[in-house]
Structure formats: structure tokens, C-alpha cells
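Q: okay, structure incoming, though there's no sequence with it:
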């Protein structure tokens, strides 16, 4: 059926709704911006304000056409942009809905404290507090430290390290990736050489078990676009997805004993730090 509604006077369309220019976050585009960007910005603002709540249905394509006086193509591009940002999801035969995301709060200080809850991992405790059932997949192997890892562990490149890759899940949904490295010179031949399946869970309790007292940890938090591998592992949109990266290193009397890269989808986590004032 032809679209008889008024068309925008100036609506340059990119060849891809998730092109570099379309994906930049920022203020609501002005009237000179392409119509699909203005529509996406308006819907995004309504989602953030709660006017379109999690689980709520987005206006249909026909409703968007009438409300904004645009063509079907423009309405589709606007919704496609919101999908690529992970804000909405399509449900076959039903429509497009605002995604429901239950965030997990990561309390950094609590995670690294001594003691804790028996054999439960720090992630499992975080997930339980958020009302999720936490689980993880992991794989450990010895390898030679590359230059980047060697610098972070204050060892020589090529020295053996234990590398462990994790994928953490909440209610079966992947929500976190982590890769850790420990010097084999420190843990080799001890009950905690292999990070999982030993008599203690978590870096601090494991190191305590072999008489290495962790007294400090450093975390560096940055945000960046997700890699294709991360998008696949975390089930993120292949375009426009961003993640939070924590580079974490545990130290004992100034000596690094473990370092890790921890990757979170930006919309699924709150990072909380509580630190003493010197």
C-alpha cells in the first residue's frame, strides 16, 4: 500500500543503519539530522526515562509512520538502530519490545575480602544477590607468557603461566568473560596450581592456602567496542555493542600473583567500589 504521508524534506540515508556515523551516542539529533536518527533518539529517550518500560512494546511500524510522518523504510531503520544497540528485541509474530535486563552488582571490595561464603565463587555470590542462578564454564592450560602478560606479572616473557578462560552465566545467559594468568613459578606443584577444582575458590583464599598473603589489588576500568569473539560468546549484537573491560592484578607485598582481563556487557552490570580513605 503506498505511503501517502508527507516525506522529510532532507533525509540522507546511509547504506547501513549501524554504520559508524549512525552509532555515535550523544545528544538528541537536531532537526537537520536524518529522520531515522531523530526517531531512534526520541524512542531511546523514552526508554531511558521509563516511558517505554522493560518488556513494554514499541509502537508498530505503522504507528511510527503516522506519528513521525515518515516512510516505512525510515521507521524500519530507526528500529534497526535500536536493535543494534541492544535496547530492543524483535519477537516473531508479536512485535518489538524493550529488552528486560536484570543487572548484576559487582562489589569489588567484597569480592576480594578474606573469608567469604565457603565454596561459592565471588561471581556466584554476586548472581545470587541479584536473584540469578550463577554458573561458569572454564578451561585452564599452561602457556608461555607473552610480553603484555609478562609486564603485568613482572616476569620474563616466555616464562610459564597458568592461563584460565572463563565464561560466566546467569540463569544460563552469558554475562561475563574473564581470562586470568598466574605465574607457574608461584603455584606450580601446589594444591592450587589449577585454579578450579582445588580446595579453595577465589584468588585470595587460594593464595592464603599456600602461604601467599594478598594485600592489594589494582583494577583499571575502560569501555570499548566488543570484539567479534566477545559478541559471539556474550550473545551481543554484532554491530554497535560495547563492553566494560577491567584489567585486574592481585599483589602480595608488591609482587603480582595473578592478573586478569574481565569483560562485561555494558548494560548488564553495575560496578561498585567501596574504598577506605587514607
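A: Cool, got the structure. All values derive from a computational prediction rather than experimental measurement. Numbers count the residues shown, from 1 in each chain.
Q: CA only for contacts and neighbour counts going forward, please
A: OK.
Q: separation between residue 141 and residue 266?
A: Note on residue 141: its distance to residue 266, by CA to CA, to the nearest Å, is 29 Å.
Q: neighbour count winner among these two?
A: Neighbour comparison, residue 141 and residue 266: the larger count goes to residue 266, with 17 against 11 (by other CA atoms under 10 Å).
Q: quick one, what contacts that one?
A: For residue 266, the contact set (CA atoms under 8 Å, 6 or more residues apart in numbering) comprises 242, 243, 244.
Q: mind listing the helices in the stretch 101-250 of the chain by residue range?
A: Here the stretch 101-250 of the chain has its helices, by DSSP state H, counting those that start in this stretch, at 108-111, 122-129, 147-153, 184-187, 203-209, 228-234.
Q: sorry, back to before: rebuild the contacts of residue 266 as a markdown table, extending it with distance to residue 256.
A: Below are the contacts of residue 266 laid out as a markdown table (distance: CA to CA, whole Å):
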| residue | distance to residue 256 |
| --- | --- |
| 242 | 29 |
| 243 | 25 |
| 244 | 23 |
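Q: out of these, which sit inside strands?
A: Counting by DSSP state E, these place 242, 243, 244 in strands.
Q: circling back: quick one: which of the helices of the stretch 101-250 of the chain is nearest residue 95?
A: With CA to CA as the criterion, residue 95 lies closest to helix 228-234 of the helices of the stretch 101-250 of the chain, at 23.8 Å.
Q: could you check how far that closest one is from the centre of its chain?
A: 10 Å (CA atoms, centre = their mean, to the nearest Å).
Q: and for stretch 228-238?
A: 10 Å.
Q: for the record, mean pLDDT for the strand or helix carrying residue 263?
A: Assessed by DSSP states H and E, residue 263 sits inside strand 255-265. The average pLDDT for strand 255-265 rounds to 95.
Q: contact partners of that strand?
A: If you take CA under 8 Å, 6+ apart as the criterion, strand 255-265 is touched by 149, 152-154, 175-183, 186, 203, 234, 242-251.
Q: which SSE is immediately downstream of it?
A: Downstream of strand 255-265, the next assigned helix or strand under DSSP H and E is strand 269-272.
Q: for that following strand, which helices and strands make contact with it?
A: strand 104-107 (3 or more CA pairs under 8 Å, 6 or more residues apart in numbering; DSSP states H and E).
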